[in-house]
Every structure is written in structure tokens, then in C-alpha cells.
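Q: Give me a model of this one.
(2 chains)
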Amino acid sequence: MIASGGQAKVVFTGYGDMQAAAQGRFMIGGPPSVLNSFGIGPGDVEARGAKINSLGLFATSDISDNARVLIDLTFKDIGATTKTTVIQYGYLEYDDFGGEAQVGKITLPFNYYNQNRFYPFQRPSINPPLFQSAILGLPISDIGATVNKTFDLGNAAAVRADLYAVNGFKTSSSTTAFRNPALPGGLAITNNVTGQDANHRIAFGGRVEIGPRALEKDSLGVSYYRDEWDPQGRGLFQMIGAHLHGTFAGFDFLTEYLQLDVTGDRGMLPNFGTRNWRTDGFFCELQYNRLSAFDKPVTPWFRAEDYRSYGGSGGRENLTDYAGGFSVLVHDGLMAKFEATRLYYRLPYVDLGDLTLRGYELLFDLTATF
Amino acid sequence: MKRTLLALLLAGPIGLARAENSPPKVAIVIDKLDGAGRPLIDRLSQRLGSEALVSVRELSAIDVADPIKKGRLVAFLDDRDLVVPVGDEATRFVSKEVEDARVFFVGAGIVQGDWLSSKLTAGIFSYNVDQLLDAVQDMPRRTLGFAYTPGYEPVARWIRRGASRRGIELREMRITSLKELAPDIRKLLDSAQIVWVVGDPMLVRGAGFEFLMQQTLSRRLPVIATGARDIKRGAFMSFEPTMAPLAVLASRDISSLLAGKGAPKIEPAPEGVVLVNRTLSGKWGIPAPASVSYRLVP
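A: Numbers count the residues shown, from 1 in each chain, chains lettered A, B, ... in the order given. Coordinates of the predicted model:
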């Protein structure tokens, strides 16, 4: 008889992502006192350079027919040393009840992008949508548990429901500020998650998607996340999302709506004039997957996004970004990408005026998987 | 990159250890579950279902360019007692990614030679040597140049034996590296009227195959290749196995393997259809074979 040795094996796969900014030019303007607080002056900023954006190792092991362990160890800010090492996810997955459960550090099922396009090898673009990546922070992941189940509706349609409960946000620097003003990329809200629980309250949420059985290809979904972020468990942080993802005749279209509601945040008081603020915004992304040049698959894409945040008497924060480009699958496991992006960002300061940032960037990227 | 590491400490508490008498776990991996593949998979699953825990994975439905999804699939396959790749793509994936697993490939024409030589590998090719040699016998040209790569010695023996029985004159060339490919192929073409290539992707895919096609087309030499798509690239003849007898033979061999009785290391496909390039047949005036079942491919 053929028999196994009864040993679980660990399979390692991974990726590396190298980026180069061929040319970037941004014009910064705003009240001198505000610019001084960021350590910058008004005028043009030009940027060129290359960096290793991230290196990731995925470990996967089936420990029984219905249970497996998955871990992603990612290295970022790589220079002479690696400044950031992140366990992006690390969980035990179990699927012997007609659904799937995950326990550990999990990527939250919120909208579509977070779970399906976060990694550079999952998308033709170099940067993810800017608001989500540079202000909200991707991926949205936390420690806790999630359960999902897909229900067959007949006629090749299905509904999938995800529910989760996780620690929730804990800001690392302050007990009274949820978010502090910064230029895009200067602060990502989820970068403040310390991995510890902020208070006695549990964050929870869920997502419901409907579509054909292959939900990965086409789906319409709504998502919800609720947390109380301050140590007393009072300040509300709520996310409401909706997404539409469709594929047709080689086109792949994704749009996501996001609403954030935050209360009790002293951090944005100078900007919005209130401790309670809200963000509304969306992005749309279209890509075409059936082109090729010299026998290499080429994927052109375009994206637009617009997010506005506001509170009481202050002005409105606005991020508008247009980006487009294409990727070329040079070889199995090696993708080259080109991207041009145009950004407009405005952050209000009550009684002082607006901080503005506008400009463009041309980027080149190589993503290798192994 | 993939490495197999030590047993996980977690495995014990979660119940990894398999009971001695639990059925063996078999994974069937197929390129695409289409009209041609599904009957074969259904038949294999049905036949093996009583003696093994059979799971099926469709490779084209899994984005294996995504290392997370690839890792999941490979971890799953690594945990099987027997992996059965069906078709060229599935066999290529399994040979490249799955380590230390017992494999029985079904209906593949392009297999890495060193992997084929491994004691853990057995299988059935996608072509039938006797039917192809019968087709050669029907052709007006009778000197067959045969090129193969290391690991394909058993196939070379089948062809040698079959050619001898039919009175076909054989010229052999064992090609061991890409560097030798061009001079060796040229030498072989100088003395052959028909060329048959089997072996590594080095010879039957990519630049090696392109070079061969360039040389043979300019000399108007018919080439026998491994798959239907090679006809589109200029090969004169190839083979398509018939699924039902292939499934019967595969399930018999796999059952025998699972029962510990052993099975033939490699076998040719039991039967099928010889595919003939319609354009070249007309252009070069070489008639389709009369004594074998064939299909003209545009």
C-alpha cells in the first residue's frame, strides 16, 4: 500500500517588488506655519529614485485534510537594513463545515481590493488606490477570527457571507488622537494598529457578496466594520463599503465606495474643527486582459479616485487621483509595470487655510514571484 | 522557490497523524475540465473512489502565477499519497513544484527527462508509438531520424524495436544539452527523411523546437511531434489519445500502485488518432496514412 509518512510539509513561495520613480514633480503650498510643522517649504519638489518596495515570503502547510496554516512574512523599507518586518497575515484555516474559518492575524474581508489586489503581483498597477494605501492603509488586517460560507442560489448564482471579530484599532502614539494630519503616505490609519487591543471592546464586521458561483470574477458586495478606538472604548471608528467587480470580454472593472465615520478624534480637530468627521469616496479601475505584444501578455489599465473628508465648521479634505499604465508579463513569474499618476490633495486648517499638494509621477516597477 | 521543511509541531495536536488503515489520498490535477478532460476525470474518480480518497483540482481555474494560491495548491498536493497530473500543463506544474511525492502522469507528451527517471515518477504518455510507426510505414519515405533527450531511453527502446519489426531504417540522436542541439539536429537531418522528436521541453518546446521546425521546413522534411498544437507550428504528424481506453489503463495502473503491486514505469497511450497536417500533406504530396486511424488538421 502507498502510505504517507504523516508529516506536514511547509511550502514556501514569495515575491519581490522593485520600484523606480523615473520622474516625479509635486507643488506644495499652504500656510507657512503648517508647512513648517511638516519641515517643508512651499514650492516644487522633484523626486527620482529606486527602492525595493517589499519582499514577501508565504509559508503554507496543510496540517490535515481540512486544516492548514498560512503565514506571510513581509520585509519593507529595505536599505542597508530592513526597517520593517511585518507578519502581514498568519492564521490557521479550517474548512470542514461547509464553510471556512480563519483564526489568527487575518486580512479583513472588507470590499474587494483588500483581500484580492493588495499584493503587487495581483494587479497590473504599481500603486494601489492612493487614499486606501496612503491614508487608510492597506491591507486592513488584524488579530481575531473570521468565518465565511457560500450559499448556492441555483441558476449558477451564489451568495457569500463573511463575519469577523478582531481586536480593533489601537493608535500607537496617542490616546486621544485617532488620526493626525499629514501628507498622503505620511500617515496611514491602519499603520497605527499595534497588534494589541485598544480597549475592552471587540471590533466586528462582515461582508455579503452576490454573483455567479465564481465570486472571485464577478461580485457585488457590501461591507461593514465597527470599532471603538480609544482606551475608554467610546470613540467610534466605522467603515461602510460597497463594491462591484465584473469581468466581460477581457475587461475587468472594479469600483469601491468607502465611508469612514470617526468620533472623538482630537487629532483632526485643527482640520475639521470638530472631533467627529467623516470620509466619503470611491475609486474605479478598468483593465483589459486580452492584449499581447511580442507574445507577451500586456494589460493596460486606468483608475480614477476621489475622496472627501469633512467635519463641522472646517473645510474639506480632498484627494483626487488619476492613474494609468500597463503591465507586461515578461516571463512566467516576472512582470514589468509602467504607471503615470496625477494627484491633487487638499487638507484644510481651520482659520489658517489649506495645505495643497499637486503633481505627477512616472513609475517603473518589476515584480517577481517564485 | 519551494522547499520542503520539517514536520510542523502543530500537526500532532490538530490530528495530522493518519490512521494506519485510512484510505490513501489521491489528487488528480488536470489542465482544463473541458469536454475532452471531464469523461477521463469522471472515470478515474469513479474507478479509484472505492479504494482512495480522490480530490480533483483544475489547474486553469487556479491562478498559479499568484504565489499565495500556488502555495495553497502545492501544500495540498504535497500532502497527498499519490498525485495524478493529466495533460501536459498539469504534468509540467507537478514536475516543477511538487517535491518528494509519488506521481503517476496521464496523457502527457512533454515530461522533463530527469523527473521521468525518478523512482517516484510513473505514467502514460499521450502518444502511441506503434500507431505512429504504422503511419511512418505507410509513408513513401522510410528513413526515420529519431532525436531524444536523456531520460527517454525507454521510449527510444520502443521506437527501436517497433522500427526494426516494420523494416524502418532508424537514425538515432541522443541530445544531452542545448549547446549540442543545433549541430546534432543538423547532423540528423542530413541522413533522415522523416524526423521524430521526443523528450525534454528543451527539444520539443521553445527555441530548440523552433530551430528544428525552421530546419525541417526548409528541407521539406516531415516532423513527428508530441501534441496537437505542434501541427500548427509546422509539424507533419502528432497524436491524440482516445480518452476512454486511456482512463481504463490509467485507473488499472493506479489501482495496482495503490495496492502496492507496482505498475509499469511508463507506457504509451493505449490508442488514439494520428493527426496529420493537411496543408503540408497537400503541399508536399505526402498522402495520409492508410493503415491507421487519422485526422487531418488544418
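Q: Can you list the low-confidence ranges for the chain?
A: Just going to use chain A. Per-residue confidence for chain A (pLDDT under 70) gives these ranges: A:1-7, A:170-174, A:183-197.
Q: ah, I was thinking of chain B
A: B:1-21.
Q: Mind naming the longest helix for it?
A: What stands out as the longest helix in chain B, according to DSSP state H, is helix B:243-258.
Q: Could you export that helix as CSV, keeping only the C-alpha atoms?
A: In CSV, the C-alpha atoms belonging to helix B:243-258 read as follows (Å, rounded to 0.1, in the frame of the first residue of the first chain):
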residue,chain,number,x,y,z
MET,B,243,-9.8,9.2,-23.5
ALA,B,244,-11.9,6.1,-22.6
PRO,B,245,-9.1,3.5,-23.0
LEU,B,246,-6.6,5.9,-21.5
ALA,B,247,-8.8,6.2,-18.4
VAL,B,248,-9.1,2.4,-18.2
LEU,B,249,-5.4,1.9,-18.4
ALA,B,250,-4.6,4.7,-16.0
SER,B,251,-7.1,3.5,-13.4
ARG,B,252,-5.8,-0.1,-13.7
ASP,B,253,-2.2,1.1,-13.2
ILE,B,254,-3.1,3.5,-10.4
SER,B,255,-5.1,0.8,-8.6
SER,B,256,-2.2,-1.5,-8.8
LEU,B,257,0.1,1.2,-7.4
LEU,B,258,-2.2,1.9,-4.6
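Q: close to chain A, is that helix?
A: Yes - against chain A, helix B:243-258 shows contacts by Cβ under 8 Å from any Cβ of the partner chain at B:L257, B:L258. (Each C-beta comes from the backbone N, C-alpha and C, glycine too.)
Q: what's that helix in contact with?
A: A:1-2, B:24, B:26, B:36-37, B:39-40, B:43-44, B:47-48, B:51-52, B:81-82, B:84, B:102, B:104, B:106-107, B:122, B:124, B:262-264, B:267, B:269-272 (Cβ atoms under 8 Å, 6 or more residues apart in numbering or on different chains).
Q: let's see 6 Å
A: Applying Cβ atoms under 6 Å, 6 or more residues apart in numbering or on different chains, the contact partners of helix B:243-258 are A:2, B:24, B:39-40, B:43-44, B:47, B:51-52, B:104, B:106-107, B:124, B:263, B:269-271.
Q: Would you mind listing which of those residues are buried?
A: A:2, B:24, B:40, B:43-44, B:47, B:51-52, B:104, B:106-107, B:124, B:263, B:269-271 (16 or more other Cβ atoms under 10 Å in any protein chain shown).
Q: So which of the residues you listed are in strands?
A: Under the assignment DSSP state E, the buried ones among the contacts of helix B:243-258 contribute B:F104, B:V106, B:G107, B:I124 to strands.
Q: Quick check: the gap between the first one and A:G206.
A: If you measure B:F104 against A:G206 using Cβ to Cβ, to the nearest Å, the figure is 44 Å.
Q: quick revisit: by how many degrees do the longest helix of chain B and strand B:103-108 diverge?
A: 170 degrees (axes from the mean of the first three to the mean of the last three Cα atoms, to 10 degrees).
Q: mind checking how far helix B:243-258 is from the chain centre?
A: 15 Å (Cα atoms, centre = their mean, to the nearest Å).
Q: right, and the helix or strand after it?
A: strand B:266-267 (DSSP states H and E).
Q: any residues touching that following strand, and which ones?
A: For strand B:266-267, contacts defined as Cβ under 6 Å, 6+ apart pick out B:G123, B:I124, B:P154.
Q: So the second one is in contact with B:A108, correct?
A: No - with contact defined as Cβ atoms under 6 Å, B:I124 does not reach B:A108; the gap is 8.1 Å.
Q: how much space between the nearest residue to B:Q193 once chain neighbours are set aside and A:G235?
A: Using Cβ to Cβ, 6 or more residues apart in numbering or on different chains and skipping residues adjacent in sequence, the residue nearest B:Q193 is B:R141, 3.5 Å away. Separation of B:R141 from A:G235 (Cβ to Cβ): 85 Å.
Q: the more surrounded of these two?
A: Comparing B:R141 with A:G235 by other Cβ atoms under 10 Å in any protein chain shown, the one with more neighbours is A:G235, at 25 against 13.
Q: For the closest residue to the more buried one other than its chain neighbours, the count of nearby residues, please.
A: Once flanking residues are discounted, A:G235 sits nearest to A:G264: 3.4 Å by Cβ to Cβ, 6+ apart. Residues within reach of A:G264, counting by other Cβ under 10 Å, total 17.
Q: How about the contacts made by A:G264?
A: Residues in contact with A:G264 (Cβ under 6 Å, 6+ apart) are A:D230, A:G235, A:R275.
Q: and of these, the nearest to B:S291?
A: A:G235 (84.7 Å; Cβ to Cβ).
Q: Would you check that that closest one makes contact with A:W229?
A: Yes - between A:G235 and A:W229 there is a contact under Cβ under 6 Å: 4.9 Å.
Q: Check which residues of the helix or strand harbouring A:L220 are buried.
A: Following DSSP H and E, one finds A:L220 within strand A:219-228. Neighbour counts over strand A:219-228 (16+ other Cβ under 10 Å) mark A:S219, A:G221, A:S223, A:Y225, A:R226, A:D227, A:E228 as buried.
Q: now do stretch A:19-38
A: By 16+ other Cβ under 10 Å, the buried positions in stretch A:19-38 come out as A:Q19, A:A21, A:G24, A:F26, A:I28, A:G30, A:V34, A:L35.
Q: Just the ones in strands from the residues you listed, please.
A: Assigned to strands by DSSP E, the following of the buried residues of stretch A:19-38 qualify: A:Q19, A:A21, A:G24, A:F26, A:I28.
Q: looking at this, the residue nearest to A:G235 is in a strand?
A: No - using DSSP: H, G, I helix; E, B strand; the rest coil, the assignment for A:G264 is coil, not a strand.
Q: so B:P150 touches B:G113, yeah?
A: Yes - the criterion here is Cβ under 6 Å, and B:P150 meets it with B:G113 at 4.9 Å.
Q: more crowded one of the two?
A: Neighbours were counted for B:P150 and for B:G113 using other Cβ under 10 Å; B:G113 has more, 19 against 15.
Q: can you give me the helices for the chain?
A: The chain I'm using is chain A. A:32-37, A:113-116, A:130, A:269-272.
Q: please go with chain B instead
A: B:11-14, B:37-48, B:67-78, B:88-97, B:113-117, B:129-138, B:153-166, B:178-191, B:201-204, B:206-218, B:228-232, B:243-258, B:278-284.
Q: follow-up on the earlier one: quick one, the longest helix of chain B and helix B:37-48 angle?
A: 30 degrees.
Q: What are the buried residues along helix B:243-258?
A: Residues B:M243, B:L246, B:A247, B:L249, B:A250, B:S251, B:D253, B:I254, B:S255, B:L257, B:L258 are the ones in helix B:243-258 that count as buried (16+ other Cβ under 10 Å).
Q: Show me what A:F12 is bridged to.
A: Applying DSSP bridges to A:F12 yields these beta-bridge partners: A:A59.
Q: Sounds good, over and out.
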